[in-house]
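A.B. asks: structural data only, the sequence is not supplied:
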């Protein structure tokens, strides 16, 4: 069975942002996402793999037998857009994207050009619901840590 490539690393978030994020705008937006996600989760930001800033963690195991660890939520400040890992991708959660603002979506992530392109209050609700879903699905997360909006 393949080993999970995205694991928590010892690199600090500040080192990553200063060394690998090319524009001041992208760094400033990254700090906005960090403040928001840290406030909601009550968790310190940690690097996962070479480019994902994650908050908290959970252990998953699929019916196929594949299992691993992942951050509860996170994002990656990529060159073309921030990839936000705050959405389950499930059809029953589509309504949580309404009113979010300007974004594109992948299967289970959201691509945002700038922090100001989206509505932070809608993003907060999306994050809280995603964390609660993970808690119910995988039995994780101290619900008292989650700052509901």
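C.D. replies: In hand now; what should we look at? Everything numeric in this text was worked out from a predicted model, so none of it was measured. Residues are numbered from 1 along each chain as shown.
A.B. asks: in contact with residue 107, which residues?
C.D. replies: The contact partners of residue 107, taken as CB atoms under 8 Å, 6 or more residues apart in numbering, are residue 89. Where C-beta positions appear, they are placed from N, C-alpha and C, glycine not excepted.
A.B. asks: helix, strand, or coil at it?
C.D. replies: Under DSSP: H, G, I helix; E, B strand; the rest coil, the three-state class of residue 107 is coil.
A.B. asks: ditto for residue 54
C.D. replies: Quick answer, by three-state DSSP: residue 54 is strand.
A.B. asks: summarise which helices and strands the helix or strand of the chain with the lowest mean pLDDT is packed against.
C.D. replies: Ranking every helix and strand in the chain by mean pLDDT, DSSP states H and E puts strand 58-61 at the bottom, with a mean of 84. Counting contacts by 3 or more CB pairs under 8 Å, 6 or more residues apart in numbering; DSSP states H and E, strand 58-61 is packed against strand 67-70, helix 120-138.
A.B. asks: hmm, 6 Å instead?
C.D. replies: Where contact means 3 or more CB pairs under 6 Å, 6 or more residues apart in numbering; DSSP states H and E, strand 58-61 is packed against helix 120-138.
A.B. asks: mind listing what's buried along the helix it packs on?
C.D. replies: Residues 120, 122-131, 133-135 are the ones in helix 120-138 that count as buried (16 or more other CB atoms under 10 Å).
A.B. asks: which of those residues sit farthest apart?
C.D. replies: Greatest spacing in those, by CB to CB: 120 and 135 (22.2 Å).
A.B. asks: the spatially most central residue of the chain: what secondary structure?
C.D. replies: By CA atoms, centre = their mean, the chain has its centre lying nearest to residue 74, at 2.1 Å. Recorded secondary structure, residue 74: strand (three-state DSSP).
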